[in-house]
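K.L.:
Give me coordinates for this.
(chains A, B, C and D)
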2 protein chains.
Amino acid sequence: MAVAKPKAKTSEPDAAENLAALRTRIAERYDGLSNRLQQIAKFVLDHPNDIALETVVVIAERAGVPPSALIRFAQALDYSGFREMQRVFQAPLASRSPSYAERVRGLALDRAEQEEEDGPYHFLARFCAASAVALEHIQEVLTPEQLGQAVDLLVKARQVYVVAQRRSFPVAAYLAYALPHSEKPTHLLDGLGGMLDEQVRSIQPDDALIAISFSPYARETAAIVERAAARGASVIVISDSMVSPISRFASVFFEIKDAEVQGFRSLTASLCLAQTLAVGLAMRSPGGK
Amino acid sequence: MAVAKPKAKTSEPDAAENLAALRTRIAERYDGLSNRLQQIAKFVLDHPNDIALETVVVIAERAGVPPSALIRFAQALDYSGFREMQRVFQAPLASRSPSYAERVRGLALDRAEQEEEDGPYHFLARFCAASAVALEHIQEVLTPEQLGQAVDLLVKARQVYVVAQRRSFPVAAYLAYALPHSEKPTHLLDGLGGMLDEQVRSIQPDDALIAISFSPYARETAAIVERAAARGASVIVISDSMVSPISRFASVFFEIKDAEVQGFRSLTASLCLAQTLAVGLAMRSPGGK
DNA sequence: TGGAATCTGCAACATTTTTTCCAACTGTTC
DNA sequence: GAACAGTTGGAAAAAATGTTGCAGATTCCA
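P.N.:
Residues are numbered from 1 along each chain as shown, chains lettered A, B, ... in the order given. Coordinates of the predicted model:
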């Protein structure tokens, strides 16, 4: 990871100055500031998020100072104006999961730079890194409520059906392996022998369907989800977009943006979620725990 | 953690509406939106931080749309203007991501209390943590040479056979999906219709077999590996021990100790390796890169 | 193919937000 | 207690940001 330039000197505000450096500088100059400006300094150090998100007027009100004082404060710190200082406070918020897609892309770009070194081992390292990021990400994105609802549906379901095509299929295969371990009747809708239609007809209103599908969405999966929903079954959807063709029918929807390297998307995050559902069900089952 | 109000009804934007509800509403209305507005919807869902922190002009630029379209998008969602919608995106940032902090704290508590607290979310966190460790581990354990050899075998092989049973099956399913993308004829030995024996008979000396098996080792997998080796095929083995029943026949052996939580073992590391093999092959194939 | 309806982008407009300026104030020194 | 230097608050100016109207483009339907 690229480390910022040393930057031992403290005084001039760099365009890309980070919050830590700014805070240091505030502390350094604190004694030389006037009363009002010291008051502001305290507030700024204590409420960085307010500085990042609110307008001068709102901040001034909260800090109990007139707006102009805030501008003077920023200028006292050698910024051209308040806005410039505000940027520094916004940066860390923006990079809080820096739209995740960016990070994954960053990994890909990294690879491009090292065009020369492209042995399999490098790919392994990249997949591992990308997967780790994806794992971090789903913890931020998924809520306990979602998971609770999904497990509830599985617990209540008389039988569970699982469907996924192509790349997503391994996830379905895993669920078809794991769920029966909790004595939950589970059926993998594999379309074997072209009997998909017949398999779907078995779905009853008190059943649940788990569907996994990522762009480009498999036609068959979408059709099954729609029909299952029409038959009154609960539907748990794992997909990469809320606006995917199958999301609209979901009783519970999980958005998974899995890692991608060289156009090959991983299944790490999806499988982690599948596993969580399986264990969640196991813990709520008679034999479980 | 305070659970959001049920909010089964979907339409009017509440002043205190949270991001999740907004995202849901976007998804609901997606189909009714014009092209440009759909384009914006995607961008908004993918870049929530940009929406929260940047100005209309900047966001518009990044999304590749005119500024006015953004305002119209907000209005299409029943907001009085862009600013009102922006508030919704800022809220989660304002409080230093309290929900995430809560979750981590919850996880820590869980660990401390060990087995007591057992919501599904805690399992997710544990799986993610455990998987991350596993990913780190395989990078240390696997050598570039091993990977190079394995990929060599795949490149040279006339056809590739893949076998795995039960828990490991998803890994095989993934390979059966991914390898043909490099124009490598691949066959999944699934034993469908009890024809495992017949499937194995197709294996030729210039073929390769990839076998995945973990303790407790599936009988069928061991038998197939042995027969494939006897027929002169190269064998790539992914297993958890060098002394597993299938390791002795391996041309290349990968030792994977996958993550385990509550007795449920993950497939993360195995899949990562599988993916690496697939990409490694793709890079060496006529069509690939 | 023609016409209606809708969508789109530009540019003018209205509003909000930031910044500057100046008069009043405070505290200090002689 | 007067003069001065520095500080302060508010109002006005300047800048930026958000919003809307309209004409042209596009799509949809007959």
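K.L.:
just for the stretch 51-200 of chain A, where's the confidence low?
P.N.:
A:95-118 (pLDDT under 70).
K.L.:
Tell me which helix or strand the residue nearest to A:A173 when sequence neighbours are not counted sits in.
P.N.:
Distance criterion C-beta to C-beta, 6 or more residues apart in numbering or on different chains; nearest residue to A:A173, sequence neighbours excluded, is B:P170 at 4.5 Å. Glycine gets a C-beta too; all of them are placed from N, C-alpha and C. Here B:P170 sits within helix B:169-178, counting by DSSP states H and E.
K.L.:
So which residues make contact with that helix?
P.N.:
Helix B:169-178 is contacted by residues A:166-167, A:169-171, A:173-174, A:177, A:264, A:267, A:271, B:160, B:162-164, B:186-189, B:210, B:212, B:238, B:267, B:270-271, B:274-275, B:277-278 when judged by C-beta atoms under 8 Å, 6 or more residues apart in numbering or on different chains.
K.L.:
following it, which helix or strand comes up?
P.N.:
Using DSSP H and E, the next helix or strand after helix B:169-178 towards the C-terminus is strand B:186-188.
K.L.:
Check what contacts that next one and list those residues.
P.N.:
B:159-163, B:172-173, B:175-176, B:179-180, B:199, B:202.
K.L.:
Any of the contacts of helix B:169-178 buried? List them.
P.N.:
Neighbour counting by 16 or more other C-beta atoms under 10 Å in any protein chain shown classes A:167, A:169-171, A:173-174, A:177, A:264, A:267, A:271, B:160, B:162-164, B:186-189, B:210, B:212, B:238, B:267, B:270-271, B:274-275, B:277-278 among the contacts of helix B:169-178 as buried.
K.L.:
Do you have the strands of chain A handy? List them.
P.N.:
A:160-164, A:186-188, A:208-213, A:234-239, A:252-255, A:260-261, A:264-265 (DSSP state E).
K.L.:
Run me through the strand neighbours of the fourth one, direction for each.
P.N.:
Sheet neighbours of strand A:234-239, with direction, are listed as strand A:208-213 (parallel), strand A:252-255 (parallel) (DSSP bridges).
K.L.:
Out of those, which gets nearest to DNA strand D?
P.N.:
strand A:208-213 (25.0 Å; C-beta to the nearest atom of the strand).
K.L.:
Show residues contacting that closest one.
P.N.:
By C-beta under 8 Å, 6+ apart, the residues outside strand A:208-213 that reach it are A:153-154, A:156-157, A:159-165, A:168, A:171-172, A:175, A:203, A:221-222, A:224-225, A:228, A:233-239, A:244-246, A:270, A:274, A:277.
K.L.:
what's the average pLDDT for it?
P.N.:
The pLDDT scores in strand A:208-213 average 96.
K.L.:
What's the nearest residue in the stretch 101-250 of chain A when you look at DNA strand C?
P.N.:
Across the stretch 101-250 of chain A, no residue is closer to DNA strand C than A:V243, which sits at 15.7 Å (C-beta to the nearest atom of the strand).
K.L.:
Can you tell me how far that residue is from DNA strand D?
P.N.:
For A:V243, the distance to DNA strand D equals 17 Å [C-beta to the nearest atom of the strand, to the nearest Å].
K.L.:
Residues of the stretch 1-150 of chain A that sit close to chain B?
P.N.:
A:49-50, A:52-53, A:90, A:93-94, A:96-99, A:101, A:118-121, A:123-125, A:127-128, A:131-132, A:135-136, A:138-140, A:142-145, A:147-148, A:150 (C-beta under 8 Å from any C-beta of the partner chain).
K.L.:
can I get the contacts of strand B:186-188 in TSV with distance to A:R25?
P.N.:
Below are those laid out as TSV (distance: C-beta to C-beta, whole Å):
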residue	distance to A:R25
B:Q159	66
B:V160	61
B:Y161	65
B:V162	60
B:V163	63
B:A172	58
B:A173	57
B:L175	55
B:A176	59
B:L179	57
B:P180	59
B:Q199	71
B:S202	72
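K.L.:
and the two most separated of those?
P.N.:
Maximum pairwise distance among these (C-beta to C-beta): 19.0 Å, between B:A173 and B:S202.
K.L.:
isn't A:I26 right up against A:F43?
P.N.:
No. In this structure A:I26 lies outside contact range of A:F43 using C-beta atoms under 8 Å: 10.9 Å.
K.L.:
Please work out which residues outside stretch A:127-137 touch it.
P.N.:
A:97, A:100, A:103-104, A:107, A:257-261, A:266, A:268-269, A:272, B:128, B:131-132, B:135-136, B:138-139, B:268, B:272, B:275-276, B:279.
K.L.:
Show me how far it is from its chain's centre.
P.N.:
Computed by C-alpha atoms, centre = their mean, to the nearest Å, the chain-centroid distance of stretch A:127-137 equals 11 Å.
K.L.:
At which residues are the helices of the stretch 51-200 of chain A located?
P.N.:
Assigned by DSSP state H, counting those that start in this stretch, the helices in the stretch 51-200 of chain A fall at A:56-63, A:67-76, A:82-95, A:101-113, A:120-141, A:144-156, A:169-178, A:196-201.
K.L.:
and of the ones you listed, who's closest to B:G64?
P.N.:
Closest among these, using C-beta to C-beta: helix A:101-113, at 15.2 Å.
K.L.:
need the residues of the stretch 151-289 of chain A near DNA strand D, please.
P.N.:
Proximity of the stretch 151-289 of chain A to DNA strand D (C-beta under 7 Å from any atom of the strand) involves no residue at all.
K.L.:
who in the stretch 151-289 of chain A is up against chain B?
P.N.:
Contact residues (C-beta under 8 Å from any C-beta) of the stretch 151-289 of chain A with chain B: A:151, A:166-167, A:169-171, A:173-174, A:177-178, A:192, A:241-243, A:247-248, A:261-262, A:264, A:266-268, A:271-273, A:275-280, A:282-283, A:289.
K.L.:
sorry, back to before: for A:A274, see how far away the residue nearest to A:A173 is.
P.N.:
Using C-beta to C-beta, to the nearest Å, one obtains 9 Å as the distance from B:P170 to A:A274.
K.L.:
Could you export the strands of chain A as CSV, including distance to B:A21?
P.N.:
Below are the strands of chain A laid out as CSV (distance: least, C-beta to C-beta, whole Å):
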stretch, distance to B:A21
strand A:160-164, 28
strand A:186-188, 32
strand A:208-213, 23
strand A:234-239, 18
strand A:252-255, 13
strand A:260-261, 29
strand A:264-265, 29
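K.L.:
I figured A:A278 hits B:F264, correct?
P.N.:
Yes. With contact defined as C-beta under 8 Å, A:A278 reaches B:F264; the gap is 7.0 Å.
K.L.:
What is the burial count for the residue in chain A that DNA strand C sits nearest to?
P.N.:
Distances between chain A and DNA strand C by C-beta to the nearest atom of the strand are smallest at A:G81, namely 2.0 Å. By the criterion of other C-beta atoms under 10 Å in any protein chain shown, A:G81 has 12 neighbours.
K.L.:
Next up, phi/psi of it, please.
P.N.:
phi -170, psi 180 (degrees, to the nearest 10).
K.L.:
show me the contacts for the residue lying closest to A:L147 once chain neighbours are set aside.
P.N.:
Distances taken as C-beta to C-beta, 6+ apart put B:P120 closest to A:L147, at 3.8 Å, once the chain neighbours are dropped. The neighbourhood of B:P120, defined by C-beta under 8 Å, 6+ apart, consists of A:144, A:147-148, A:150-151, A:276-277, A:279-280, A:283.
K.L.:
Distance-wise, check B:P120 relative to A:E255.
P.N.:
B:P120 sits 16 Å away from A:E255, going by C-beta to C-beta.
K.L.:
Please apply the same query to A:Q75.
P.N.:
Taking C-beta to C-beta as the measure, A:Q75 falls 44 Å from A:E255.
K.L.:
still on that earlier bit, and the strands of chain A as a markdown table, adding distance to DNA strand C?
P.N.:
Below are the strands of chain A laid out as a markdown table (distance: least, C-beta to the nearest atom of the strand, whole Å):
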| stretch | distance to DNA strand C |
| --- | --- |
| strand A:160-164 | 33 |
| strand A:186-188 | 41 |
| strand A:208-213 | 27 |
| strand A:234-239 | 25 |
| strand A:252-255 | 25 |
| strand A:260-261 | 28 |
| strand A:264-265 | 29 |
